[in-house]
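Student: Structure here, sequence nowhere to be found:
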């Protein structure tokens, strides 16, 4: 009986310690909190704070435990640039997202084509 209790407790400790040592997959910085604030209080100020949080997370990812930027971060930054009319910076970030996370290629390619089409229309005028 004591052996069963001992093995149960030991297996529980080993199980819990295995979960505690897992390193995070991605570096977010303050992105999560700023994204929440942006969605809660949508406006130019919260949008700029979100942009700065994403730029900081990208710049500081190399210092995080995982050294990796989270999926969608470049795409989100590209979208913010696109809203500001900075299509070249938006395209650059969409391309980075596509290179880091190939599963996003179809969506990123569509966004890049839309930018190209919009620029083509503005050049015709």
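Tutor: On my side now, so go ahead. Bear in mind that the values here come from a model prediction, so they are computed numbers and not experimental data.
Student: List the contacts of the residue nearest the centre of the chain.
Tutor: Centroid check for the chain by C-alpha atoms, centre = their mean gives residue 73 as the closest residue, at 2.8 Å. By C-beta atoms under 8 Å, 6 or more residues apart in numbering, residue 73 lies in contact with 31, 54, 57-58, 97. Every residue, glycine included, has its C-beta placed from N, CA and C.
Student: secondary structure class for residue 105?
Tutor: Here residue 105 is recorded as helix under DSSP: H, G, I helix; E, B strand; the rest coil.
Student: Could you count how many residues lie near it?
Tutor: 13 (other C-beta atoms under 10 Å).
Student: Which residues are in contact with it?
Tutor: Residue 105 sits in contact with residue 98, where contact means C-beta under 8 Å, 6+ apart.
Student: Please report the confidence value the model assigns to it.
Tutor: Residue 105 carries a pLDDT value of 93.
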